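K.L.:
what's the 3D shape of this:
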Amino acid sequence: MRNIIEVKDLRTVFDDRVVHDGLTFNIKKGEIYGIMGPSGAGKTTLLREMVMLHEPQGGSIKVLGYDLENIQYRDAQKLRQKWGVLFQSGALFSSLSLRENIALPLVEYTDLSKTMIDEIVEFKISIVGLQQSDANLYPSQLSGGMKKKAGLARALVMDPELLFLDEPTSGLDPISVKEFDALILKLRDSLKLSVVMVSHDLQSVYDTIDSLAIIDNKKIVYEGNLKNISSVNSEFINNFFNMNINKVGSHE
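P.N.:
Below you'll find the model as predicted:
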């Protein structure tokens, strides 16, 4: 499988604080790739750098063949239409209905008719497990799980190749987490997506990801699948995975 994202020697600095010091990893087409690490390790910052919301101080990021450091405006606009982003809070516009939130990228970036946009929105509402009767509700009327699904539908409305998820199950109850994880797996397979997911939810990590990178002390301390993670000498890995070697080893 070809690499869909290539990060090399990435360096991120805020004022005089170094957050990333030489991160290097590759994400393959079609996989669900997890990014993990302790609080303050710069996981969300890394995701923001990959979607051109923050500029690193060194190194390179290539997404879908585009070098983000030297990308031209027109190519950047084209690239943004090839990915979808689900932010941690859902990032829905409170003054817009669920339908209007989902339709927004189509209204802004395409010349499609209102009829066509409505049809696409109805389809995206259905594939994320929401009801058509939810379409006229506003974010304040939605449960936490519904907000996540609405944000996911909006992230998928442009038929992206690549989906970025920032803590997608945070704030959800265990049943909703399991349901959301199953939805991500189903969408990855049916829509042929590549998925990059920042998460601290251990069960989600076990249930969904194919490969992961763990950031600790400004570096990648592990990259690979879960089967081999127990061989790494890292305080964060030992604490986070709670020394549960049997569970890790049995993950398929």
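K.L.:
how about the nearest residue to residue 36, chain neighbours excluded?
P.N.:
Take residue 36 and drop its neighbours on the chain: the residue closest to it by CB to CB, 6 or more residues apart in numbering is residue 214, 4.9 Å away. Quick note: C-beta positions are derived from backbone N, CA and C, even for glycine.
K.L.:
how close does residue 83 sit to residue 211?
P.N.:
18 Å (CB to CB, to the nearest Å).
K.L.:
who has more neighbours out of those two?
P.N.:
Neighbours per residue, other CB atoms under 10 Å: of residue 83 and residue 211, the larger number sits with residue 83, 23 against 16.
K.L.:
dig out what the nearest residue to the more buried one once chain neighbours are set aside forms beta bridges with.
P.N.:
Closest residue to residue 83 apart from its sequence neighbours, by CB to CB, 6+ apart: residue 162 at 4.1 Å. Counting by DSSP bridges, residue 162 is bridged to residue 83, residue 194.
K.L.:
burial measure for residue 162, as a count.
P.N.:
21.
K.L.:
follow-up on the earlier one: would you check that the residue nearest to residue 36 makes contact with residue 225?
P.N.:
No: using CB atoms under 8 Å, residue 214 is not in contact with residue 225; the gap is 12.0 Å.
K.L.:
who's more crowded, these two?
P.N.:
Taking neighbours as other CB under 10 Å, residue 214 and residue 225 compare with residue 214 leading, 24 against 14.
K.L.:
wait, a strand at the more buried one?
P.N.:
Yes: using DSSP: H, G, I helix; E, B strand; the rest coil, the assignment for residue 214 is a strand.
K.L.:
circling back: the residue nearest to residue 36: what's it in contact with?
P.N.:
Residues in contact with residue 214 (CB atoms under 8 Å, 6 or more residues apart in numbering) are 36-37, 220-223, 229, 232, 234, 236-237.
K.L.:
any weak-confidence spans in the chain?
P.N.:
For the chain, the stretches flagged by pLDDT under 70 are 1, 90, 242-252.
K.L.:
pull the longest helix from it.
P.N.:
Identified as the longest helix of the chain according to DSSP state H is helix 174-191.
K.L.:
end to end, how far does stretch 60-78 reach?
P.N.:
19 Å (CA to CA, to the nearest Å).
K.L.:
how far off centre is the longest helix of the chain?
P.N.:
Centroid separation between helix 174-191 and its chain, computed with CA atoms, centre = their mean, to the nearest Å, is 13 Å.
K.L.:
now do stretch 101-108
P.N.:
Per CA atoms, centre = their mean, the displacement of stretch 101-108 from the mean C-alpha position of its chain is 19 Å.
K.L.:
cool, and stretch 57-69?
P.N.:
Mean-position distance between stretch 57-69 and its chain equals 17 Å (CA atoms, centre = their mean).
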